[in-house]
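Q: Got a predicted model here, sequence first, then my questions.
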Amino acid sequence: MSNWPQAAGPNGNWQATGKAPVVWSVADSKGVVWKTTLPETGQSGIAVWGERLFLTTMAVQAPSNTAKEGGSIVGHCVDANSGKILWSVELPASEPSPYAYGFSDSSSPTPVTDGKSVWFTNSSGYIACCAVRDGRVLWTRAWKPTTGRPFNKQFEPILDNGVLLSCEPRDLADTQRERDPWNYLKGLDAATGKVLWVAEDALTHYNTPVFGRLGSTPCVLQGRGGHHDVPEKPIGLSLTSLRDGKTIWRTELTGKALYNMHWDEKVAVWIDEDHSTMTVLESKSGKILRTIPLDQSVGLRTWDGSKYVTETDVDLKARKVKVFPAWFTNIIINGHCWFLCFSNPQPAYGQGPTGPLYCTGRVNLTTGNVEYLELPTAPSGVYKKPVPASTVNAAGRDIAQDARSKRDGWHWVFIGSPIAVDGKIYWTTQNGVTYVINGKAKQLDEKAILAVNDLGPLGQTWSLNTPTAVNGKLYHRTMRELICLQ
């Protein structure tokens, strides 16, 4: 892997081959090549091309900003060998988001690059295309994002064959624009910013579409449905051609699209958080192949305080445990859909106790077999104990508006999407704990836990970011620092 040009990596599916570090500790300076202090918090992933890294941060929060909100972000180009910031560019926008919001902010979209240009996206309504060499701005695009609901925008830009994907409502002058505007994929000419097409079907901005190919046709799988009465209909999935934005198929489903819309050449997956089910569809047609309950007749391996114990044929529903796959933690590896489980022993947000507590789950997409494995909550064998996050930035200022941003990341939060490198899955929770799991494990037991790492001192770290793996190194970030690991 010499480049990681966008959030979802070189293949657009959040996976890559090659090597990446498995064990490290930023708190103990183990495996750390360099660290760079960031000027402010941010939630984007890290794009890499050659010896340059690209990421975004929020504009520096002034002490006078008592609302702890802002719409402007800053795009940065960083030397991959030293961590030095080479140049920066501001992307202004008028629609504010909370700083360090646990459900995305203006800086959430990851930059994309082709090595000559880099495209920064501010989800508050602005795109800037810049020259990689010196940061010269080549073109910009501004739009008014949908408002009136919480700032929950998880779309990741995608670049394919000169077309840059953006998630926007129809323009104000568009006669097809809805009274309560829907969001759509827009295919932009990456060289000019001109709109080439608007997708036939809408998507909800909570959603993270995933790239792939149906035969020779480049496509994305996109979803609709979400909390707060988002308007896009019908709830469910669409496979959209990137050649012209036309819908290849559309399937109506139940639930909400707060997940990565993973698919491959055979199957697509939809997770229904409301009914604790996973639906498997045929990729070429959208035909429903099977719907798998996530809470019935499952395998469960948990820590009893001294050792792991296994239960089989467990009915979690009868135990009054609500299986709620954690938002944006899903990925398909080796014929299984993996995810983390929201974990709260107390009812909250209209949900019963969620679990199984601190577990990863995997579902065999062919047989429907469901398994869960409890993970430590921190390195050094800490189990069942929540470790809080810290929202104090590098300047020593607590910048978070929402107290939920201080939780550990195992409940009701949009943590960074996982990546997989040679089948090893990397998940990072809000407190900076990063799990490395063997996604090819034949048996789901503690041997599948390859490492439990930190991105900084426990209780003093915050991250809603996705790592990037290139040339045997892993680039990651927290609220305070950009980090190179090896």
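A: The structure has been received and is ready for your questions.
Q: From what I see, residue 246 and residue 187 are in contact.
A: No - no contact is recorded between residue 246 and residue 187 when judged using CB atoms under 8 Å, the distance being 11.0 Å. To be clear about C-beta, it is placed using only N, CA and C from the backbone, and glycine gets the same treatment.
Q: Among these two, which residue is more densely surrounded?
A: More neighbours sit around residue 187 than around the other of residue 246 and residue 187, counting by other CB atoms under 10 Å; the figures are 24 against 12.
Q: So what's the predicted local confidence for the more buried one?
A: Note for residue 187: predicted pLDDT of 98.
Q: isn't it right up against residue 162?
A: No - here residue 187 does not reach residue 162: they are 9.7 Å apart, not a contact under CB under 8 Å.
Q: If residue 290 is in a bridge, with which residues?
A: The bridge-partner assignment for residue 290, based on DSSP bridges, gives residue 280.
Q: Next, count neighbours for it.
A: Applying other CB under 10 Å, we find 13 other residues in the vicinity of residue 290.
Q: now it: how far from residue 22?
A: 34 Å (CB to CB, to the nearest Å).
Q: Could you do residue 159 as well?
A: Spatial separation of residue 159 from residue 22 under the definition CB to CB is 29 Å.
Q: Compare the two (neighbour count), which wins?
A: A direct count of neighbours by other CB under 10 Å for residue 159 and residue 22 places residue 159 higher, at 21 against 16.
Q: was I right about residue 113 contacting residue 54?
A: Yes - judged on CB under 8 Å, residue 113 makes contact with residue 54 at a distance of 5.8 Å.
Q: Give me the neighbour count for residue 88.
A: Number of residues near residue 88 (other CB under 10 Å) recorded here: 14.
Q: Show the average pLDDT along the helix or strand encompassing residue 311.
A: Counting by DSSP states H and E, the element that carries residue 311 is strand 308-314. The average of the pLDDT scores along strand 308-314 is 98.
Q: who does that strand pair up with?
A: For strand 308-314, the paired strands and their directions (DSSP bridges) read strand 298-303 (antiparallel).
Q: who touches the partner strand?
A: 308-314, 316, 356-357, 359, 369-374, 376, 383-384, 444-446 (CB atoms under 8 Å, 6 or more residues apart in numbering).
Q: quick one: contacts of the following helix or strand past the strand holding residue 311?
A: Past strand 308-314, heading to the C-terminal end, the next element that is a helix or strand (DSSP H and E) is strand 322-323. Contacting residues not belonging to strand 322-323 are listed as 276, 294-295, 316, 341, 351-356, 361 [CB under 8 Å, 6+ apart].
Q: Output those residues in JSON lines; the columns should cover secondary structure and distance to residue 144.
A: Converted to JSON lines, those look like this (DSSP: H, G, I helix; E, B strand; the rest coil; distance: CB to CB, whole Å):
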{"residue": "276", "secondary structure": "coil", "distance to residue 144": "37"}
{"residue": "294", "secondary structure": "coil", "distance to residue 144": "38"}
{"residue": "295", "secondary structure": "coil", "distance to residue 144": "41"}
{"residue": "316", "secondary structure": "coil", "distance to residue 144": "44"}
{"residue": "341", "secondary structure": "strand", "distance to residue 144": "37"}
{"residue": "351", "secondary structure": "strand", "distance to residue 144": "33"}
{"residue": "352", "secondary structure": "coil", "distance to residue 144": "39"}
{"residue": "353", "secondary structure": "coil", "distance to residue 144": "41"}
{"residue": "354", "secondary structure": "strand", "distance to residue 144": "36"}
{"residue": "355", "secondary structure": "strand", "distance to residue 144": "41"}
{"residue": "356", "secondary structure": "coil", "distance to residue 144": "43"}
{"residue": "361", "secondary structure": "strand", "distance to residue 144": "39"}
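Q: Just the buried ones among those, please.
A: Neighbour counting over those (16 or more other CB atoms under 10 Å) leaves 276, 294-295, 316, 341, 351, 353-356, 361 as the buried ones.
Q: residues contacting residue 249?
A: Shown in contact with residue 249 (CB under 8 Å, 6+ apart): 238-239, 285-286.
Q: out of everything not next to it in sequence, what's closest to it?
A: Distance criterion CB to CB, 6 or more residues apart in numbering; nearest residue to residue 249, sequence neighbours excluded, is residue 286 at 3.6 Å.
Q: Quick check: which ranges of the stretch 151-300 of the chain have low pLDDT?
A: Scanning the stretch 151-300 of the chain for pLDDT under 70 picks out no residues.
Q: quick one: the helices in the protein?
A: In chain order, the chain shows no helices, with DSSP state H as the criterion.
Q: what sits against the residue positioned nearest the centre of the chain?
A: The central residue of the chain, meaning the one whose C-alpha is nearest the mean C-alpha position (CA atoms, centre = their mean), is residue 417 at 2.9 Å. Residue 417 makes contact with 7, 14, 156, 208, 260, 328-329, 331, 466 under the criterion CB under 8 Å, 6+ apart.
Q: Distance of residue 89 relative to residue 145?
A: For residue 89 relative to residue 145 (CB to CB), the value is 20 Å.
Q: Also residue 315?
A: Taking CB to CB, one finds residue 315 at 43 Å from residue 145.
Q: Neighbour count: these two, which is higher?
A: Applying other CB under 10 Å to residue 315 and residue 145 shows that residue 145 carries more neighbours, namely 23 against 12.
Q: Let's see the pLDDT reported for that one.
A: 94.
Q: What residues does the residue nearest to residue 375 when sequence neighbours are not counted make contact with?
A: Nearest residue to residue 375 in three dimensions, chain neighbours excluded: residue 358, at 5.4 Å (CB to CB, 6+ apart). Contact criterion CB under 8 Å, 6+ apart gives 341, 343, 374-377, 383-384, 410 as the residues in contact with residue 358.
Q: For PyMOL, write the selection for the buried entries among those.
A: Under the burial definition 16+ other CB under 10 Å, those of those that qualify are selected in PyMOL by:
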select buried, resi 341+343+374+375+376+377+410
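Q: what ranges do the strands span in the stretch 351-486 of the chain?
A: Counting by DSSP state E, counting those that start in this stretch, the stretch 351-486 of the chain has these strands, from start to end: 354-355, 359-364, 370-374, 419-421, 424-428, 433-438, 449-454, 468-470, 473-477, 481-485.
Q: Dump the ones you listed into TSV; add distance to residue 94 and mean pLDDT as well.
A: Below are these laid out as TSV (distance: least, CB to CB, whole Å; pLDDT from 0 to 100):
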stretch	distance to residue 94	mean pLDDT
strand 354-355	37	96
strand 359-364	40	98
strand 370-374	45	98
strand 419-421	33	98
strand 424-428	31	98
strand 433-438	35	98
strand 449-454	37	98
strand 468-470	30	98
strand 473-477	26	98
strand 481-485	28	98
